[in-house]
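[1] pasting a predicted model and its sequence here:
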Number of protein chains: 2
Amino acid sequence: VAELYALLAGGDLSEARVLLHRMRPHEVAAELGHLPGADQAMAFRLLDKSHALATFEALDAPLQRDLLDHLREDHVLELVEALDPDDRARLFDEVPAGVVQRLVRGLSPAERAHTDALLGYPPGSVGRVMSPELVAVPEDVDCARALELVRLGGREAETVYLVPVVAPGRILVGVVSLRSLVLAEATTPVAEVMREPLSVTAETGREPAARLVQEADLIALPVVDREGRLLGVFTVDDAMEVLEAEETEDAARAGGTEPLRRPYLSSSITRVVRSRLVWLLVLVLAATLTVQVLGAFEDDLEQVVSLALFIPLLIGTGGNVGAQASTTVVRAMAVGEVGLRDLGRVVGREALTGLLLGGTLAVVGFVPAALFVGRDIALVLSLTVLGICTLAAASGAVMPLLARRVGVDPAVVSAPFITTLVDASGLILYFVVARAVLPDL
Amino acid sequence: VAELYALLAGGDLSEARVLLHRMRPHEVAAELGHLPGADQAMAFRLLDKSHALATFEALDAPLQRDLLDHLREDHVLELVEALDPDDRARLFDEVPAGVVQRLVRGLSPAERAHTDALLGYPPGSVGRVMSPELVAVPEDVDCARALELVRLGGREAETVYLVPVVAPGRILVGVVSLRSLVLAEATTPVAEVMREPLSVTAETGREPAARLVQEADLIALPVVDREGRLLGVFTVDDAMEVLEAEETEDAARAGGTEPLRRPYLSSSITRVVRSRLVWLLVLVLAATLTVQVLGAFEDDLEQVVSLALFIPLLIGTGGNVGAQASTTVVRAMAVGEVGLRDLGRVVGREALTGLLLGGTLAVVGFVPAALFVGRDIALVLSLTVLGICTLAAASGAVMPLLARRVGVDPAVVSAPFITTLVDASGLILYFVVARAVLPDL
């Protein structure tokens, strides 16, 4: 990259072209993600036609969109026409509606029909990302004939490794792998080698569909309408892409930012700041609660200033325990191990975990604290830590589950969020315990 | 699940058996993840033979290990013999060495040879998780003959969708997809339809290999030795499994815990507490630094108690900005967008981002703070927030990159870690600024 970057910056385009042509499309795509926006288009224009198309297909949709902004109109139309229908639908989710209309008008009738069909499904559904270009076989043929049909129709299909088997009216009745077709005797009826199909409806979310592909180790998953008619297939490479995007989104939210949706180094600083600022403002606003709580106990602080010394330690520990709990629960929800129905069990487990963690800290920390600040304050600290840890772990478990209940992405209820919430309640607990234990408050 | 759980708890095994037999293997595997350890084995024993084997294959290795602990010896041997060699190697990573030896002795000679080969590669390498059971074709045959060879050798192979093409000495010279073989004319030489292979050596880490499968949209990736001889193939379903395990590990570390490596609800509380306690103790120990810092400035606190009111707000904000930066950088590193070579650019970008975020907060917050606590303290707060945000974002970017430099998983340098580090330095900054600005300190 450093090399490509230097060549482009130095205007040495012929050297850059040689370098680019030695790379595979997915490598070029990764390099583009390292370059600032303007250089991306310059590098892309150096590719020859087929290399350019393959590279374009390997890019994430937001980067495709950035590139289109920098290319000539005829070049744009050519690229968009050559994309697979599912890749095109994904790209169209990124560009403004006016541009989509113009691009759709430029498509050939066949490609336009495919695109219109996919764009009819709700955003985020598997219908948007499935491929309508497939080859299916009727249930009453033998394997030789089925292979023949795959041969005839397979060139345009997104995958031929999973062949849906359909009854009249395109009703999905089975699936047969290309492997079974190839390994079977020519005269075996397809009905004998086909398996009962796992399938999803087009309205299914793309993430659950992708998890199903992953968990059942599928090469492709047939997509049907509510009457069970075959509409398309969702392939394992698209499933991997969906899951990567979801993981990136969850990881971003776990850190209290919106996902960038572009490779980090090719995102402008403005975009990075914007992805974080709103979260940060919300968290700061929530944190002003801690100022109010401390304001309410300001007299106690004046009496025993040394109480202030332990504020960062106590609320930091509460925040860490809360982060541990929420991270664990959010991840377990993301991979489908935990759902709303488990609310009771999860909260019980986390409260107990928090109690055990807080208890350990309270016991381990008491003697050193007593030596350092005296027995009374050490007792306040131990009791507070026990309470804060239990409270933090339980909140860390409840919040993500409640978020899903009200239709919010559980990943939004992230560590920073829990930390800030636990801070204020932890402080109240601290001073309540202090008043109960210390004789001079 | 609730249903299965109730049936098992109530001892109604025949109903439970009926319920289990209506489910697919990957569904049974998911259900087992919801059950406590002892119930898992009970449910598993209710499955008939082929269903049990398929379910066992769908389980993660740590859960397989738990199950084996509860099954009879002959049942164990039967299951282990029936596993694919790569699944078996993965399971053997989980069980104690003595058990591995006993299990290997029980294998048939052919399976034992496969297993010994895989166990020879370093843990964490793609050699451990590849499949040695494959079908390859010589480069000098035509497509009809190649298909014939796939038919003859394909039954045992892990995948036949990607067929490696080899020269004498099993040197990998190309790959051809089953799709190309099926679609090509029978008399076309394989050499004409094969492509140049992407491949990795057996010592390659499993995560980079899995990312390559994902990025290049591969069905399978050939694995070779250092001389380019074909050893096995790494398939897309195994790649998805590797990536899911890595994502789960990164997610856990991002929250300051060790990964559980088992489904959450089937992990015992002891295991959950252990996965968190060491991290928590380290973080608490680090946090005692804040107590020392505040102790050093105790006189200042006694002079102006209201300075204490803003401690949680300031260090919380610093922690949040640090978490945002480190989460973004750790994720960008995980998906290969950012590496050590980008250190300078990344740190520069993050410092600037922190400055902009801190600057915004400083400007937005000054007037309300001035109204609430007076102009002097408001100035202290604004200056401190500016400094803390810059410092936090830069540290959040540097630490994960440095961690990789010294060979530590960047995900370990997580939000909780950064937060704790930033706390102490943020407090020093706060009091230094306060002394400079406030007349009475």
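    Noted; the coordinates are in hand. Residues are numbered from 1 along each chain as shown, chains lettered A, B, ... in the order given.
[2] helices and strands around the one helix or strand A:Leu283 maps to, which ones?
    Element membership for A:Leu283 (DSSP states H and E) is helix A:269-296. Contacts defined by 3 or more CB pairs under 8 Å, 6 or more residues apart in numbering or on different chains; DSSP states H and E place helix A:269-296 against helix A:415-437, helix B:311-334, helix B:343-373. To be clear about C-beta, it is placed using only N, CA and C from the backbone, and glycine gets the same treatment.
[3] elements contacting the longest one?
    Under the contact criterion of 3+ CB pairs under 8 Å, 6+ apart, helix B:343-373 touches helix A:269-296, helix B:311-334, helix B:375-405.
[4] show the average pLDDT along that helix.
    Mean pLDDT, helix B:343-373: 95.
[5] swap in the shortest one?
    The average pLDDT for helix A:415-437 rounds to 90.
[6] just give me how far it sits from the chain centre.
    Offset of helix A:415-437 from its chain centre (CA atoms, centre = their mean, to the nearest Å): 32 Å.
[7] do the same with stretch A:93-105
    25 Å.
[8] try stretch A:28-38
    Distance of stretch A:28-38 from its chain centroid, counting by CA atoms, centre = their mean, is 21 Å.
[9] with stretch A:208-224 instead?
    With CA atoms, centre = their mean, you get 17 Å for stretch A:208-224.
[10] check the offset of stretch A:245-260 from the chain's centre.
    On CA atoms, centre = their mean, the centre of stretch A:245-260 falls 7 Å from that of its chain.
[11] circling back: now tabulate the helices and strands packed on helix A:269-296 in a markdown table and tack on distance to A:Leu343 and mean neighbour count.
    Shown next, in a markdown table, are the helices and strands packed on helix A:269-296 (distance: least, CB to CB, whole Å; neighbours: other CB atoms under 10 Å in any protein chain shown):
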| stretch | distance to A:Leu343 | mean neighbour count |
| --- | --- | --- |
| helix A:415-437 | 17 | 23 |
| helix B:311-334 | 27 | 29 |
| helix B:343-373 | 35 | 18 |
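[12] of these, which is nearest B:Glu3?
    Distance to B:Glu3, taken as CB to CB, is lowest for helix A:415-437 among those, at 32.4 Å.
[13] any residue of the closest one touching chain B?
    Yes. Residues of helix A:415-437 are located near chain B by CB under 8 Å from any CB of the partner chain, namely A:Ala415, A:Pro416, A:Thr419, A:Thr420, A:Asp423, A:Leu427.
[14] show the contacting residues for the fourth one.
    The neighbourhood of A:Thr420, defined by CB atoms under 8 Å, 6 or more residues apart in numbering or on different chains, consists of A:Leu283, A:Ala286, A:Ala287, B:Gly316, B:Asn320.
[15] and the nearest residue to it once chain neighbours are set aside, what pLDDT?
    Among residues not flanking A:Thr420 along the chain, A:Ala286 sits closest, at 4.6 Å (CB to CB, 6 or more residues apart in numbering or on different chains). Per-residue pLDDT puts A:Ala286 at 89.
[16] try the one 3 residues further on
    What the model reports for A:Leu289 is a pLDDT of 92.
[17] ditto for A:Arg112
    88.
[18] distance of A:Leu391 from B:Thr187?
    From A:Leu391 over to B:Thr187 the distance is 75 Å, taken as CB to CB, to the nearest Å.
[19] ok, now A:Glu215?
    Distance from A:Glu215 to B:Thr187, by CB to CB: 42 Å.
[20] so which of these two has more stuff around it?
    When neighbours are counted by other CB atoms under 10 Å in any protein chain shown, A:Glu215 and B:Thr187 differ, and A:Glu215 comes out ahead with 21 against 9.
[21] skipping adjacent residues, who's closest to that one in space?
    Closest residue in space to A:Glu215, ignoring its immediate chain neighbours: B:His26 at 4.7 Å, by CB to CB, 6+ apart.
[22] ok, now A:Leu198?
    A:Ala216 is the one closest to A:Leu198 (CB to CB, 6+ apart), at 6.0 Å.
[23] from what I can see the one you found touches B:Val28, true?
    No. Checked against CB atoms under 8 Å, the pair A:Ala216 and B:Val28 is beyond contact range at 11.5 Å.
[24] now do the shared contacts for those two.
    Contact with both A:Ala216 and B:Val28 is made by residues B:Ala58, according to CB under 8 Å, 6+ apart.
[25] more neighbours: which of those two?
    For A:Ala216 versus B:Val28, the count of surrounding residues by other CB under 10 Å is larger for B:Val28: 26 against 16.
[26] name the next helix or strand downstream of the helix holding A:Leu283, please.
    Where DSSP H and E defines the elements, the next helix or strand beyond helix A:269-296 is helix A:298-303.
[27] spell out whether that next one and chain B are in contact.
    Yes. Residues of helix A:298-303 are located near chain B by CB under 8 Å from any CB, namely A:Glu298, A:Leu301, A:Glu302.
[28] which of the residues you listed has the most neighbours?
    A:Leu301 (22 neighbours).
[29] up against chain B, what does the stretch 101-250 of chain A have?
    The stretch 101-250 of chain A has residues A:147, A:150-151, A:154-155, A:160-161, A:178-179, A:182-183, A:198, A:213-217, A:219, A:236-237, A:239-241, A:243-244, A:247-248, A:250 near chain B, with proximity defined as CB under 8 Å from any CB.
[30] ok, back up a step: just the helices and strands packed on helix B:343-373: most buried one?
    helix B:311-334 (a mean of 29; mean count of other CB atoms under 10 Å in any protein chain shown).
[31] distance from that one to the middle of the chain?
    Centre to centre, stretch against its chain (CA atoms, centre = their mean), the figure for helix B:311-334 is 20 Å.
[32] angle of it against helix B:375-405?
    30 degrees (axes from the mean of the first three to the mean of the last three CA atoms, to 10 degrees).
[33] by contact count, what packs against helix B:311-334?
    Against helix B:311-334 (3+ CB pairs under 8 Å, 6+ apart) you get helix A:236-254, helix A:269-296, helix A:311-334, helix A:415-437, helix B:236-254, helix B:343-373, helix B:375-405, helix B:415-437.
[34] reformat those as JSON lines; add distance to A:Leu20.
    Shown next, in JSON lines, are these (distance: least, CB to CB, whole Å):
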{"stretch": "helix A:236-254", "distance to A:Leu20": "23"}
{"stretch": "helix A:269-296", "distance to A:Leu20": "26"}
{"stretch": "helix A:311-334", "distance to A:Leu20": "37"}
{"stretch": "helix A:415-437", "distance to A:Leu20": "41"}
{"stretch": "helix B:236-254", "distance to A:Leu20": "27"}
{"stretch": "helix B:343-373", "distance to A:Leu20": "21"}
{"stretch": "helix B:375-405", "distance to A:Leu20": "27"}
{"stretch": "helix B:415-437", "distance to A:Leu20": "37"}
